[in-house]
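> Sharing a model prediction with you, sequence too.
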Amino acid sequence: MSAESKSKSHIAHLDGRPASAADLAPLAFAGYAHFTAMQVRSGRIRGLDLHLSRLRAASMALFGTALSDEAVRDRLRAALRASPADLSLTATVYSPEGEFTARGIGAPRLLIRTGPPSSGPTGPLALDTVEHERVLPGIKHVGEIAKTYYLRQAVEQGFDDAAFVDRQGRLSEGTIWNLAFWDGEAVVWPEARMLTGTTMGILRRQLDRLGIAQRTREVRLADLPSLGGAVVMNSWTPGVPVRRIGEVPIAAAPEFVALLHRAYEMEYAVAP
């Protein structure tokens, strides 16, 4: 990427126009907001419908109102016109009234930030285990200090990242990842309160198209030796192999990883 293209990949748009320092200053300590993150390739986005649905549902839950899908798409288009064809993009929705108010008034605002494209780590990863349950786990909200804290704690302990275990002893998700497992016959999704990722949604529908069995069930550390593979996934990638969770080794499963990447590639990318 040229220096000019790299600089263009870093933009911030607020409600469809370039954001000024004055626009961004109130957001420095804003914690009552939600977002979605995506990878854009050739100006196109996989799972755009899932991103729009996530923003709409989270806005209704947090603010009681939501921007229309077309308004969001208009602002995505404005950001992409000012950017390279390949990039990372984060769309954050927040209330202009900020935090610590009893009731929000007015339409939510949309901040779009872009940066260089990413495909995530190659793995295989070793994940520490942490007992942690996110507040409002079904919403991808901002200000989650625990995710970065536990990531850094895991790295200090010699791991690559961390996986969360709930109070019932069930594996739920990673710091910024969904978890998936292979039992030799089916893709296994953990049963726990967690964020359903857009990549997870893409894979679920494309695995259905391929006729691949999928199961949702509780997964505990004691279950790992009986499983035939594990991955993490997020907007960067449909699958990074995991070699260890806590002190439990995970069998290598290149065919499982390849299957998830194949399913992901089947998803048709669309322009906003």
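Yes, it's here.
> And residue 195, how far from residue 249?
As judged by Cβ to Cβ, to the nearest Å, residue 195 and residue 249 stand 27 Å apart. Bear in mind the C-beta positions are built from the backbone N, C-alpha and C, glycine included.
> between those two, who's got more neighbours?
More crowded of residue 195 and residue 249, by other Cβ atoms under 10 Å: residue 195, with 20 against 13.
> list the contacts for that one?
134, 137, 138, 139, 140, 173, 178 (Cβ atoms under 8 Å, 6 or more residues apart in numbering).
> Could you confirm the first one falls within a helix?
No. The assignment for residue 134 (DSSP: H, G, I helix; E, B strand; the rest coil) gives coil, which keeps it out of a helix.
> my guess is it meets residue 143, correct?
No. Contact criterion Cβ atoms under 8 Å: residue 134 and residue 143 do not qualify, at 11.1 Å.
> phi, psi of residue 81?
In terms of degrees, to the nearest 10, the main-chain angles of residue 81 are phi -60, psi -30.
> That one: neighbouring residues, count only.
9.
> neighbour-wise, which of residue 134 and residue 143 wins?
Taking neighbours as other Cβ under 10 Å, residue 134 and residue 143 compare with residue 134 leading, 20 against 12.
> ok, back up a step: can I get the buried part of the contacts of residue 195 as one ChimeraX selection?
Buried subset of these, written as a ChimeraX selection, criterion 16 or more other Cβ atoms under 10 Å:
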select :134,137,139,140,173,178
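> Let me know the closest of the contacts of residue 195 to residue 244.
Using Cβ to Cβ, residue 173 is the member of those that lies nearest residue 244, at 17.1 Å.
> Look up the residues forming beta bridges with that closest one.
On the basis of DSSP bridges, residue 173 is bridged to residue 178.
> Past the helix or strand of the chain with the lowest mean pLDDT, which element shows up next along the chain?
Every helix and strand in the chain was compared by mean pLDDT, DSSP states H and E; the lowest is helix 3-8, with a mean of 48. For helix 3-8, the following helix or strand on the C-terminal side (DSSP states H and E) is strand 12-14.
> partner strands of the next helix or strand after that following strand, parallel or antiparallel?
For strand 12-14, the following helix or strand on the C-terminal side (DSSP H and E) is strand 17-18. Applying DSSP bridges, strand 17-18 is found paired with strand 12-14 (antiparallel).
> what mean pLDDT does the strand it pairs with have?
Mean pLDDT, computed over strand 12-14, is 93.
> now it, how far from the centre of its chain.
Computed by Cα atoms, centre = their mean, to the nearest Å, the chain-centroid distance of strand 12-14 equals 20 Å.
> So what touches it?
18-19, 23-24, 75, 78-79, 82, 109-113.
> Okay, helices next: where are they in the stretch 1-150 of the chain?
Remark: helices assigned in the stretch 1-150 of the chain by DSSP state H, counting those that start in this stretch are 3-8, 21-24, 48-63, 69-81, 145-156.
> Give me the below-cutoff pLDDT ranges for this protein.
The model of the chain has pLDDT under 70 over residues 1-9, 104-105.
> Tell me the one of the contacts of residue 195 nearest residue 40?
Using Cβ to Cβ, the contacts of residue 195 come closest to residue 40 at residue 140, 17.7 Å.
> for stretch 40-50, which positions count as buried?
For stretch 40-50, by 16+ other Cβ under 10 Å, it's 40, 43, 44, 45, 46, 47, 48, 50.
> Select, from the residues you listed, the two members most distant in space.
Based on Cβ to Cβ, the longest span within the buried residues of stretch 40-50 runs between 43 and 50 and measures 18.1 Å.
> Surely residue 270 is in contact with residue 41?
No. With contact defined as Cβ under 8 Å, residue 270 and residue 41 do not form a contacting pair (11.4 Å).
> Give me the neighbour count for residue 103.
Residues near residue 103, counting by other Cβ under 10 Å, number 8.
> Return the residues in contact with it.
Contacts of residue 103 by Cβ under 8 Å, 6+ apart: none found.
> Good, we can wrap up now.
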